[in-house]
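Participant: Just a sequence and a predicted model for now, questions to come.
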Amino acid sequence: MHEVIWHGRGGQGVVIAAQILAESAYLQGFKGVTSAPTFGPERRGAPLIAFTRISDTPIRTFAQIEKADIAVVLDQSLLSVVDVLGTLKPRGLLLINTPQKPEEVAVKGCLNIATVDATAIALRFHLLKEGAPMVNTPMLGVLSRASGLVSPEYMEKGLKWKMTGTAAATNIAALRAAYEETNMKKLS
Amino acid sequence: MSHAEIMTGNQAAAWGAKLSKVQVISAYPITPSTPITETISQWVERGEFKTEYIRVESEHSVMTVCVSASTVGARTFTATCSHGLLYMHEQLHWAAGSRLPIVMACVNRAVGAPWSIFNDQQDSIAQRDTGWIQIYCRDNQEILDSIIQAYRIAEQVYCPVMVCFDGFILSHTMMPVEIPDAEAVCRFLPPYQPHTILKPETPRNINPVIFPWQRRDAEGVLRDGYMDMRWKLQHALEGSRAAIVETGRAYAEAFGRDHGGMLWTYRTEDAEVLIAGMGSLATEATTAADILRDEGIRAGVVGVRVYRPFPREEIREAFKNAPAICVFEKNISYGYEGALSADIKAALYGAGIRTPIHNFIAGLGGRDVKARELAEAVRSSLSAIAAGTSERQTWLNCVTE
């Protein structure tokens, strides 16, 4: 089973991203997928987490993920607020929205890091919601590239489940751009 | 054509009501059940679901609307939880006493004080003695399927049914759910044909004050007193087992999914310890059983699907060879023990089974329960049972000093 934990702030589309990943993985053929928000009320701007589980067989666990295989950070400022590495397996994959290269990121003790400037990509494609750049779909592109778990083709199909028309086209373009612009560091 | 979609437990419940062609819905919003009625009201607004949606000012009125609608022959649905369910309590008795086949989705949530919006099963367990059938679902597919089944059961035995599932854990978690073909559901669940309908042309006084003894009516017919009518409710609940099991079988035949009738089992054949539970906690326990078996401990799971009527015979059969039993549950009968544990012990007494039973109170107010923790708890119980402790109550992951 592959466990993904999403770290973001309320209003960034964390829950939607977790859902699109689940849908994409299911369309690609994984029999078991779940996506769950942090159980409780949501507050705009507050740190929050969401979960996606992906498995070849139906999933029989609904508990919160302790140590994920992949941690996705939508907001770099969370790295100094939340113990993100504490939610990741020792050899897990860390994906960060940042203009920095993986080797420049101030994270000690993580072997696999991929970065992308998702905020710049969101601005480039005018992915804005109430004035704020929506970085969730670019981060799906990074996840696809760095993990290889779900192909960009199925990510696009998953995206179309949540949006249609121009919105879908713009988000797909941003997802593709993030896929291409992903910076990876693998020390393992 | 049936097709699969990724959806939350709340969406699955809404689909269950839609496919059951419910005619009257009344509801009052309460977290975490609100998305059920939001989903339905959107369908109604868009004309995708032809049903009478009645908005009222409280859950108490919700259930009076359901009682009235059901009395005039409509297939009726509502959804609530926690304080909303408690506020309905009086009318829950009224619905069951009137023998009305109302179906409700109960999205299990803790009750105050102090306030909690998070999951446990104290709310529905507290309604145990109202005369409603209670089904506990282990995943979102079972929620959709159980609501359809609930109408077929309710309309056969004239008892209301509560379809319970864990708040947030299932209600807000998305997973693949097969949506059955609408016409196939119609064949499985034909329109409701009540034995009597209250109509303006034939006015009647229903449920007036009744005397303790039997009495002859104006035509000289000997009529039931209160106690005789209440025995009929008990008899109907006891007798509903056959309808529940038959409905489960027929559903499996029609749609290829068997959720078990009264209870289900997982890897129990050669088990040296059996874990019992209801709802998503029982699902988590199946993962715990896998962990234990990987370590060489032969664990199995008995999931109690229907809590009322209680599966007395099925429990005796499932536990008759178990050397040890651990009951995990998200409720507490204050001053005694978990309601499920007490009921399992009572059922085994009649069969002369004296297996050690350890009771774990877990996950109250949404406290996370992990499969790893369930496995650890079972291991600790096995050591204690080997040392001679046949009865024990433990509050899992809880400060008890």
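Facilitator: Here it is on my side, so go on.
Participant: out of everything not next to it in sequence, what's closest to the closest residue to chain A within the stretch 251-400 of chain B?
Facilitator: At 4.2 Å from chain A, B:Lys370 is the closest residue in the stretch 251-400 of chain B, using CB to the nearest CB. C-beta here means a position set from N, CA and C on the backbone, and glycine is covered the same way. Closest residue to B:Lys370 apart from its sequence neighbours, by CB to CB, 6 or more residues apart in numbering or on different chains: A:Ala63 at 4.2 Å.
Participant: For the one you found, report the pLDDT, please.
Facilitator: Confidence at A:Ala63, expressed as pLDDT, is 96.
Participant: correct me, but the residue of the stretch 251-400 of chain B closest to chain A touches B:Glu284?
Facilitator: Yes. Using CB atoms under 8 Å, B:Lys370 is in contact with B:Glu284, at 7.4 Å.
Participant: quick one: which helix or strand includes B:Gly178?
Facilitator: Not quite, residue B:178 is Glu, not Gly. Using DSSP states H and E, B:Glu178 maps to strand B:175-179.
Participant: Any part of that strand near chain A?
Facilitator: Yes. Remark: strand B:175-179 sits within contact range of chain A at B:Met175, B:Pro176, by CB under 8 Å from any CB of the partner chain.
Participant: Looking at B:Lys370 and B:Glu284, which is more packed in?
Facilitator: B:Glu284 (29 against 18; other CB atoms under 10 Å in any protein chain shown).
Participant: give the contact list for the more buried one.
Facilitator: A:Arg60, A:Thr61, A:Phe62, A:Ala63, B:Gly277, B:Val369, B:Lys370, B:Ala371, B:Leu374 (CB atoms under 8 Å, 6 or more residues apart in numbering or on different chains).
Participant: For these, give me TSV that also has secondary structure and distance to B:Pro200.
Facilitator: Formatted as TSV, the contacts of B:Glu284 follow (DSSP: H, G, I helix; E, B strand; the rest coil; distance: CB to CB, whole Å):
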residue	secondary structure	distance to B:Pro200
A:Arg60	coil	53
A:Thr61	coil	55
A:Phe62	coil	49
A:Ala63	coil	54
B:Gly277	strand	49
B:Val369	coil	53
B:Lys370	coil	58
B:Ala371	helix	57
B:Leu374	helix	57
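Participant: want to throw those into JSON lines with distance to B:Thr400?
Facilitator: Shown next, in JSON lines, are these (distance: CB to CB, whole Å):
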{"residue": "A:Arg60", "distance to B:Thr400": "29"}
{"residue": "A:Thr61", "distance to B:Thr400": "26"}
{"residue": "A:Phe62", "distance to B:Thr400": "25"}
{"residue": "A:Ala63", "distance to B:Thr400": "21"}
{"residue": "B:Gly277", "distance to B:Thr400": "21"}
{"residue": "B:Val369", "distance to B:Thr400": "16"}
{"residue": "B:Lys370", "distance to B:Thr400": "19"}
{"residue": "B:Ala371", "distance to B:Thr400": "22"}
{"residue": "B:Leu374", "distance to B:Thr400": "18"}
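Participant: B:Phe77: which of the residues you listed is nearest?
Facilitator: Nearest to B:Phe77 among the contacts of B:Glu284 is A:Phe62, at 25.2 Å by CB to CB.
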